[in-house]
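Enquirer: what's the 3D shape of this:
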Amino acid sequence: MSIVLRAQRFLRRNVRRALHTVREPRARFIYDPRYQVMLSSVPMDIHRSENIAAFLAAEGLVLPTEFFSARAVSLRGLRSVHTDAYLDQLSRAEGLTRVFGFDIAQDQVDTVLMLQRLLVGGTKHAVHGAVRGYRTVVNLGGGLHHARPDSGHGFCAFNDVAIAIKSVRERGYDGRILVVDLDLHDGDGTRICFATDPSVHTFSVHNMALDDQPAIESTSVALGARVDDATYLAAIEQHLPEAFVRFRPRLVIYLAGADPAWDDRLGNWRITEAGMIARDRLVMKTVRSRDPNLPVVVLPAGGYGVNAWRYGARFFGELARGRAVEPPHTEEMTLARMHHLRRVHDPIPKDELAFSEADIFGELPGLSVEHRFLGYYTLHMLELVMERYGIFDRLRGLGFVRPTLDWNLRDPMGHTLRVFGDEHRIELVAEICVRRDRGVIAMCEVIYVEWMLLQNPRKSSERALLPGQRHPGLGLIGEVFGLLVLMCERLQVDGLAFIPAHYHLAALASPLMRMVDPKDEARLRALKRLQKGQSLSELSWALSCGHIHDVASGQVVRWEARPMVMPMSARLRERVSGPAYEADVEKAALMLRRS
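Expert: As a prediction, this is how the structure comes out:
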């Protein structure tokens, strides 16, 4: 990002913050950092709510003081909806395994249950706030709509909507409540919880019905697979206003699931980004056209994959600000989250150009620079980094309960850091070899990544492995990349560089990095255009195996490994970004099209 663009974004955010202080917030937000818990085999991004909260705060849409924390629901609250027999089952690993569809270890039971109770507590807080008069309240977690009184499935152990409604009923609230469930999957659990309650209408538009049990007040619309924008929006517009007119709710709870989106890992619909925000606007327009002051509670519900947060961020930003603000790429948001954690845990003084270990940890006598990773980090410091930035917590969530660090500073290729999943150093889960380098990019010093390995040796691959992989990945590439960027900033080098051995590595890095040579950048962009219609894995394998041929010449097209860099200094940024670089890329692209 250029200096001008950074200045514009800084100015825009501060103007928003200034305006925000003189007006009443359009929406209230419930968020708790404890919503982030890594569960093995769950494809949901654990940073979804954290990314949304960070985006809203960074853009000045919601002030940090305007986020309200959640409190775990009590056992009494759980018992208001769920049977004692079912709750007893959940105290055992096999009970939770049935809910989540994969093995839950006994030592994970309390962690999983506390997370679910916290999400329920957040929804309960939101519903109580709406009943007290707040027009729009958003819980950045929740929407556990598959849980029934005596069972659960689909990652839902407790039904937060049902428990929250029961809670306000106990406080004397008797208004009619409409639950609008636009998660991809049927809101079967909520419908069953209120099957005999005429004061709660459950409205669900989904891909297929999961239960045919009748309910007194219910609208259930199954659209099948491969649904597009037009079909989806038409179904909502046909059925939702009708439910409003007939039922006349006094409170609306909206489950704004992200899993109808085209890029959802578990979804089978084709809803575009434009279609998703149009859906959310349609729901809010339907609500506000009936009564501008009708209270609405919004929950994120389902969404699977690293980009699911962007759909909620776009909608929630509009609720907070009155218009949509486009969220950044997931890679940029991951880096922003890492910067936020650095500001909290490990601030770099703005007026210093050099840093010592004593800045953070005090004097540690007897340590020589030759015994530090990249000439700066001790093993103790690196272990603290892994804890502070949540890397070890993520590994523990994957079942590696005692992650252990080791290093080798004598490899001629660079300094090597290894992370094992156990204290006996048997299960290697991560390895990275880096060095400070002045030869890869002329007249610049970079941290150069010689190689990097992130793998889960315990997990069998559900999808085809990518070229170069022996085991599935850990899902930590964003966090590791973020740590490397922070190291570059800490050490005041010009940038971060590596040579991607396979196409998918360059494609994944491309939102934040550029090929050093404009010709290589033009070629990468051409391949990314070619990728449309096939997966990243498919194209990477096709290039590796020589299955791609140039249309004009008939020659085999293979991936050519060339240096790639994320510039940190102004001098390197000028070389790989800006008008001159882009002009060279365009010239190279033109030559490619002619050849």
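
Enquirer: From here on, just use CA atoms for contacts and neighbour counts.
Expert: Noted.

Enquirer: So which residues of the stretch 201-350 of the chain form strands?
Expert: For the stretch 201-350 of the chain, strands defined by DSSP state E, counting those that start in this stretch occupy the ranges 218-222, 251-255, 296-299.

Enquirer: which neighbours does the shortest one have in its sheet, and in what orientation?
Expert: Taking DSSP bridges as the criterion, strand 296-299 forms sheet pairs with strand 136-139 (parallel), strand 251-255 (parallel).

Enquirer: same question for it, mean pLDDT?
Expert: Strand 296-299 carries an average pLDDT of 98.

Enquirer: For the stretch 401-550 of the chain, give me the ranges with low pLDDT.
Expert: Flagging of the stretch 401-550 of the chain using pLDDT under 70 yields the residue ranges 461-463, 533.

Enquirer: And the helices in it?
Expert: The residue ranges that make up the helices of the stretch 401-550 of the chain, judged by DSSP state H, counting those that start in this stretch, are 477-491, 503-509, 518-531, 536-545.

Enquirer: These into a markdown table, with extra columns for mean neighbour count and distance to residue 96?
Expert: Listed next are the helices of the stretch 401-550 of the chain as a markdown table, based on neighbours: other C-alpha atoms under 10 Å; distance: least, C-alpha to C-alpha, whole Å:
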| stretch | mean neighbour count | distance to residue 96 |
| --- | --- | --- |
| helix 477-491 | 19 | 29 |
| helix 503-509 | 20 | 34 |
| helix 518-531 | 18 | 39 |
| helix 536-545 | 18 | 33 |
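
Enquirer: for the ones you listed, which one sits closest to residue 288?
Expert: Evaluated over those, closeness to residue 288 peaks at helix 477-491, with 39.3 Å, by C-alpha to C-alpha.

Enquirer: Show me the contact partners of the closest one.
Expert: The set of residues external to helix 477-491 that reach it, using C-alpha atoms under 8 Å, 6 or more residues apart in numbering, is 331, 334-335, 338-339, 348, 354-355, 376, 391, 446-447, 454, 494-496, 568.

Enquirer: repeat that for 6 Å
Expert: Residues outside helix 477-491 that contact it (C-alpha atoms under 6 Å, 6 or more residues apart in numbering) are residue 335.

Enquirer: and what of stretch 415-423?
Expert: With contacts defined as C-alpha under 6 Å, 6+ apart, stretch 415-423 is touched by 400, 402-409, 427-434.

Enquirer: What segments of the stretch 151-300 of the chain are helices?
Expert: In the stretch 151-300 of the chain, the segments counted as helices under DSSP H, counting those that start in this stretch are 160-170, 188-193, 229-247, 273-290.

Enquirer: Next one: the spatially closest residue to residue 415 that is not a sequence neighbour from residue 437, what distance?
Expert: On the basis of C-alpha to C-alpha, 6 or more residues apart in numbering, the spatially nearest residue to residue 415 that is not a chain neighbour turns out to be residue 409, at 4.6 Å. Residue 409 sits 15 Å away from residue 437, going by C-alpha to C-alpha, to the nearest Å.

Enquirer: Ok, which of the strands paired with strand 296-299 comes nearest residue 240?
Expert: Taking C-alpha to C-alpha as the criterion, strand 251-255 is the member of these that comes nearest to residue 240, at 11.8 Å.

Enquirer: how distant is the closest one from the center of its chain?
Expert: 23 Å (C-alpha atoms, centre = their mean, to the nearest Å).

Enquirer: Can I get it in CSV? Just the C-alpha atoms.
Expert: Extracted as CSV, the C-alpha positions of strand 251-255 are listed here (Å, rounded to 0.1, in the frame of the first residue of the first chain):
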residue,chain,number,x,y,z
LEU,A,251,-38.8,-8.8,18.2
VAL,A,252,-36.7,-10.3,15.3
ILE,A,253,-33.7,-12.6,15.7
TYR,A,254,-31.8,-12.8,12.4
LEU,A,255,-29.2,-15.6,11.7
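
Enquirer: Was I right to think residue 176 contacts residue 197?
Expert: No. Taking contacts as C-alpha atoms under 6 Å, residue 176 lies outside contact range of residue 197: 10.2 Å.

Enquirer: Which residue, other than its chain neighbours, is closest to residue 539?
Expert: Nearest residue to residue 539, sequence neighbours excluded (C-alpha to C-alpha, 6+ apart): residue 531, at 6.3 Å.

Enquirer: Can you get me a residue count around the residue nearest to residue 415?
Expert: 19 (other C-alpha atoms under 10 Å).

Enquirer: Same question for residue 532.
Expert: Neighbour tally, residue 532, other C-alpha under 10 Å: 10.

Enquirer: Would you reformat the helices of the stretch 401-550 of the chain as TSV and include distance to residue 71?
Expert: What follows is those, written out as TSV (distance: least, C-alpha to C-alpha, whole Å):
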stretch	distance to residue 71
helix 477-491	28
helix 503-509	37
helix 518-531	45
helix 536-545	41
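
Enquirer: Compare those helices and give me the one nearest residue 268.
Expert: With C-alpha to C-alpha as the yardstick, what comes closest out of the helices of the stretch 401-550 of the chain is helix 536-545 (18.2 Å).

Enquirer: contacting residues around the closest one?
Expert: The set of residues external to helix 536-545 that reach it, using C-alpha under 6 Å, 6+ apart, is 466, 503, 504, 558, 559.

Enquirer: what distance separates it from the centre of its chain?
Expert: Relative to the centre of its chain, helix 536-545 is centred 26 Å away, using C-alpha atoms, centre = their mean.

Enquirer: Start at 13, not 1
Expert: Sure, I'll start counting at 13 from here, so that last one is helix 548-557.

Enquirer: where's the nearest residue to residue 84 once chain neighbours are set aside relative to residue 155, distance?
Expert: On the basis of C-alpha to C-alpha, 6+ apart, the spatially nearest residue to residue 84 that is not a chain neighbour turns out to be residue 130, at 3.9 Å. When C-alpha to C-alpha is the yardstick, residue 130 and residue 155 sit 12 Å from each other.
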